Structures are given as C-alpha cells and as structure tokens.
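Chemist: Take a look and give me a structure for this.
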Amino acid sequence: MAKFWNSILLNSVFFIGLGIAAVLYTLGHFYPPYTLAGTVVVAVLVVLLLLDVGLLYRGSHITGSRQINAILSNGDENDCVLSIDSTYSFPVSARIYDELPYQLNMRGQKFDTLLSPHKNKELQYTIIPTLRGEYDFGDIVVLVKSPLRMIQRKYQLRASQQIAVYPSYIHLNRYSLKNLKYYTRDIGAKKTRRIGQSMEFEHIKDYVKGDDIRYINWKASAKRGELMVNQYTEERAQQVYCLIDSGRAMQMPFDGLTLLDYAINSTLALSHIIIRKHDRAGMLHFNKRVNQILPADKAVSQLPKILSALYNLKTEFYESNFEKLYADIKFKINHRSLMVLFTNFEDMNSLQRQLPYLKGIAKNNVLLVVFFKNREIEKVVQSEATHQSDYYNKAIAEKLSFQKKLMVKELNKQGIQTLLTDPKHLTVDTIDKYLEIKSRGLI
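Modeler: Numbers count the residues shown, from 1 in each chain. A predicted model of the protein is given here:
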C-alpha cells in the first residue's frame with residue numbers, strides 16, 4: 001500500500017477542479033443552487049479520479065534502460081540513449097528524468113514525450129564530462145499521465161551504474177601520421193618511407209645524386225666498380241617517457257578543462273603515435289614526489305595501461321619537486337630516452353629554480369619541456385587600449401608574454417628542447433615535435 005501511495009501524484013487538472021468546487025460551495029452560502037453544482041463537480045472529480053487510477057494501474061507498466069559506453073571520454077561528446085517501453089493499450093504522456101552525476105551539472109535534464117501503445121521510445125542526448133574519475137548515474141524516473149490527466153503514476157526504473165571517465169580517447173584516430181604536418185608536407189601526398197638520420201643500418205644501394213656522401217661504402221664500391229652507399233632507417237624501439245606535472249601549476253583552467261587534463265589527453269594521443277612508430281611508450285606523474293612510473297613498452301596493451309594510470313589523476317596543490325623527479329629518473333630509468341615534460345612556468349624565477357634539475361635530466365636524455373601560453377594574457381596583448389588603465393594592463397601583459405619567450409631561449413641555450421603552445425593545439429604540436437626529434441636523429 002505504501003508503494004502505491006508513493007507512486008501516485010495528483011495532477012494540476014484535479015486541483016483546478018477542486019478550486020472550482022470550492023468557489024461554487026462559497027457562492028452556495030449566498031445562492032443555494034451553487035451548492036448542488038459544487039457537489040456535482042466533486043462527484044465528477046471522484047469518478048474521473050477512480051477511472052484514471054484504473055487506467056494507469058490496471059496491469060500495464062513502463063520499463064526502460066540507459067544505453068551508454070562502459071567508459072566515457074573526458075572533454076568529448078558522449079552519446080547516451082534512454083530506451084523506454086510502454087505496455088499500455090492507449091497513448092500516455094510521459095515526463096522522463098535521468099538522474100545524472102553531479103559532475104555533469106545537468107540536474108534539469110528531462111524529456112516530455114508521448115509513448116505509443118506497446119511501442120519502444122528512444123531518447124538520445126549528449127553529455128560532455130570535464131572531470132576525470134568515477135561518475136555515479138542514478139535511476140530513470142518516468143511520470144505518466146492518461147488522457148484523463150487527473151493523476152500521474154511515478155515509475156522508478158532501476159538503472160544505477162558507476163562509469164569511469166577516461167582521458168580523451170574518442171579522437172585518437174584523428175592523430176594519424178598522415179595528418180601531421182611534419183610527417184608529410186602536403187595533405188594527400190603519397191605516403192613514402194622516410195629515411196632517418198640514425199645509425200640503424202638497413203641495406204646497401206646504388207649511389208644516386210642527392211645521397212649523403214658521408215654514407216658511401218668504399219669497400220662495396222670497390223667490389224662493384226661503382227659508388228654504393230649505406231642506407232639507414234629511423235631507429236626503432238627507442239624509449240619515450242611522458243612526464244606529467246600534477247602540481248598546482250597545472251590547475252589553471254582553459255575552456256572547462258585544466259592544463260593537467262590537456263596534458264593527460266596529449267599523453268594518450270602521443271603514446272598512441274609512439275607505439276605506431278614502433279617505439280616504446282612510458283609515463284610517470286609527479287608533484288611533491290614521483291607517484292607512479294610506468295616502464296616503457298611497445299606492446300599494444302601499453303595504451304590501456306596508460307589510460308588506467310591516468311583516468312583518475314587529480315591536481316594536488318603542492319609545489320612540484322623537480323629535484324625528486326631528477327633523482328628518480330637518474331636511478332630508475334637507465335637507458336637514454338626522450339623525456340616529454342608537461343609542466344607550466346609563469347615567470348623566469350620559477351624556471352630558474354628548476355633549471356639545474358632540468359639540465360641534470362637533459363644530461364643523459366633528450367628533454368622536451370612543454371609549457372603553455374596564457375590565453376588571457378595573450379588576449380590583453382592583442383586588445384586595443386582605449387583608456388589609461390588599458391595601457392597599464394597591456395604593458396604588464398606584454399612583459400609577462402615576453403618572459404615566456406625568454407624562457408624558451410634560456411632552455412634552448414641549455415640544450416633543452418622546448419615547446420611553448422596553446423592548450424588547444426597541445427596534442428598536434430607535441431606529436432609534431434616528437435616526429436621532428438625522431439627525424440633529426442636526436443635520440
């Protein structure tokens with residue numbers, strides 16, 4: 001009985017009828033015929049109410065489910081479908097609520113629709129998560145009304161589930177090698193094999209004009225009586241580690257995501273390309289200490305491992321310890337590797353404090369420091385000054401923007417590769433830089 005009373009809701013039509021009856025009873029104190037009219041209205045309401053209860057509770061019911069991916073992609077559009085089935089023999093009006101996780105900030109998500117007799121109804125909508133981690137989806141609530149519209153019957157459809165939101169994985173295929181500017185000069189150009197500058201020998205071939213004379217094989221040339229050159233390919237199975245700073249410097253927001261989110265998404269896409277290039281992808285993240293090191297591997301199973309390691313990574317409000325990072329890399333990563341460090345420096349002082357440790361890492365490895373342009377400062381620099389205060393703001397913004405360029409020069413002077421980029425273009429710029437370093441034979 002308690003379940004019945006919890007599932008029945010009086011509709012506005014019923015209360016309007018009661019209001020009319022109350023007005024008629026009030027008028028009946030002065031004009032007795034109105035009392036009879038009020039009684040008739042109440043009787044009609046009771047009859048319609050009983051009929052409506054019979055229509056909505058007589059053997060028919062509503063069932064439904066939620067169709068959603070087992071994992072969601074952070075910062076991307078993810079489709080969700082509600083499938084609702086009605087066994088009523090007549091059309092019913094329905095208002096459907098999906099109990100979504102609080103992280104999505106979509107508390108008002110509802111659908112008003114008409115459910116046809118013995119038919120299925122699918123309702124599709126899109127969610128865009130902006131936080132990684134576990135999301136708790138609740139039940140589906142359906143309120144149905146018969147054509148009489150006196151009451152609503154509430155259905156609580158069990159659909160609770162917990163879904164993990166992983167770093168962006170939906171658009172990995174977007175970053176195929178043929179779409180990257182350093183891999184091919186022209187879109188649509190025929191994909192040819194690139195001859196690298198590393199010392200991994202492939203074969204000996206006839207010399208043609210344009211070949212590097214440094215690679216002439218004089219012994220083979222003497223045997224053949226014509227010039228022969230050694231051909232080399234890009235060295236494979238090289239180690240590439242993505243070092244992710246999860247300290248407070250990476251908490252800065254941009255378009256709904258933090259810099260840490262952009263770094264994680266870029267790490268995932270870069271690792272995808274690294275494995276496709278037959279190199280070994282590894283990863284570590286750090287703040288006041290190095291929290292996890294995932295050894296470099298070229299197996300296809302490495303990508304899910306990186307996903308699992310990063311999907312719930314949060315920014316901690318500590319100052320990142322680059323000294324600890326340097327020590328762990330020195331003693332735990334023995335082979336010369338390309339280290340792609342995702343971090344952020346806002347002024348020269350912050351860089352100068354960490355520069356000795358960056359130089360230490362670069363001594364035995366190729367270090368690529370990736371940090372970010374400040375979009376808000378760039379907007380002020382590009383804006384037109386109209387008031388006196390605008391000139392002051394613009395002067396300060398230009399100074400801060402210039403410091404970023406000075407940091408790039410300082411790092412390059414120390415033999416450290418650098419990439420200063422906009423968060424929006426981080427992934428493509430990082431992959432292009434990796435391909436450039438590979439092409440130049442720096443690792």
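
Chemist: which secondary element of the chain has the worst mean pLDDT?
Modeler: Using mean pLDDT, DSSP states H and E, strand 200-206 stands out as the lowest-scoring helix or strand of the chain, at a mean of 70.

Chemist: For stretch 303-314, give the mean pLDDT please.
Modeler: The average pLDDT for stretch 303-314 rounds to 87.

Chemist: how far does it sit from the chain's center?
Modeler: With C-alpha atoms, centre = their mean, to the nearest Å as the basis, stretch 303-314 stands 12 Å off its chain's centre.

Chemist: quick one: contacts of it?
Modeler: 71, 132-134, 164-167, 169, 244, 246, 260, 264, 267-268, 271-272, 275, 281, 283, 285, 292, 294, 297 (C-beta atoms under 8 Å, 6 or more residues apart in numbering). C-betas here are computed from N, CA, C, even on glycine.

Chemist: And the residue nearest the centre of this protein?
Modeler: Centroid check for the chain by C-alpha atoms, centre = their mean gives residue 74 as the closest residue, at 2.3 Å.

Chemist: wouldn't it be in contact with residue 163 here?
Modeler: No: applying C-beta atoms under 8 Å as the test, residue 74 and residue 163 come out as separate, 11.9 Å apart.

Chemist: how does this protein divide up, domain by domain?
Modeler: With automatic domain parsing as the criterion, the domains of the chain are listed as 2-50, 62-166, 172-188+235-439, 200-233.

Chemist: Looking at these, spot the one closest to residue 56.
Modeler: Ranking the domains of the chain by their distance to residue 56 (criterion: C-beta to C-beta) puts domain 62-166 first, at 4.4 Å.

Chemist: Quick check: the closest residue in space to residue 87 that isn't next to it in sequence vs residue 85, distance?
Modeler: Spatial nearest neighbour of residue 87, chain neighbours left out: residue 60 (4.9 Å); criterion: C-beta to C-beta, 6 or more residues apart in numbering. Applying C-beta to C-beta, to the nearest Å, the value for residue 60 to residue 85 is 11 Å.

Chemist: coming back round to it: turn the buried ones among the contacts of stretch 303-314 into a named ChimeraX selection, would you?
Modeler: Per 16 or more other C-beta atoms under 10 Å, the buried members of the contacts of stretch 303-314 correspond to this ChimeraX selection:
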select :132,165,166,167,169,244,246,260,264,267,268,271,272,275,281,283,285,294,297
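
Chemist: Cross-reference the contacts of stretch 303-314 with the helices and report the matches.
Modeler: Mapping these onto helices (DSSP state H) picks out 260, 264, 267-268, 271-272, 275.

Chemist: Helix or strand: which one has residue 351?
Modeler: Secondary structure assigned from DSSP states H and E places residue 351 in helix 348-364.

Chemist: Flag every buried residue along that helix.
Modeler: 350-351, 354-355, 357-358, 360-362.

Chemist: Same check on stretch 20-38?
Modeler: For stretch 20-38, burial by neighbour count (16+ other C-beta under 10 Å) applies to 21, 24-25, 28, 34, 37-38.

Chemist: try stretch 139-153
Modeler: By neighbour count with 16+ other C-beta under 10 Å, stretch 139-153 contains the buried residues 139-146, 148, 150-153.

Chemist: for stretch 93-112, same thing?
Modeler: Applying 16+ other C-beta under 10 Å to stretch 93-112 flags 94, 96-101, 103-104, 111 as buried.

Chemist: how long is it from one end to the other?
Modeler: End-to-end distance for stretch 93-112: 8 Å, by C-alpha to C-alpha, to the nearest Å.

Chemist: rewinding a little: put together TSV for the ones in helices among the contacts of stretch 303-314, with pLDDT and distance to residue 158 on each row.
Modeler: Below are the ones in helices among the contacts of stretch 303-314 laid out as TSV (pLDDT from 0 to 100; distance: C-beta to C-beta, whole Å):
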residue	pLDDT	distance to residue 158
260	92	35
264	91	33
267	93	37
268	90	34
271	92	38
272	90	37
275	90	41
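
Chemist: Tell me the one among these nearest to residue 344.
Modeler: Residue 344 lies nearest to residue 260 out of the ones in helices among the contacts of stretch 303-314, by C-beta to C-beta, at 9.6 Å.

Chemist: so what's residue 25 up against?
Modeler: Residue 25 is in contact with 34-35, 38, counting by C-beta under 8 Å, 6+ apart.

Chemist: Contact partners for residue 122?
Modeler: For residue 122, the contact set (C-beta under 8 Å, 6+ apart) comprises 81-84.

Chemist: Return a PyMOL selection command for the buried portion of these.
Modeler: The PyMOL command for the buried members of those (criterion: 16+ other C-beta under 10 Å) is given here:
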select buried, resi 82+84
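
Chemist: tell me the SS of residue 94?
Modeler: With DSSP: H, G, I helix; E, B strand; the rest coil as the basis, residue 94 sits in strand.

Chemist: Would you mind measuring from it to residue 145?
Modeler: Distance, residue 94 to residue 145, using C-beta to C-beta: 8 Å.

Chemist: Next: residue 220.
Modeler: 88 Å.

Chemist: Next: residue 332.
Modeler: 65 Å.
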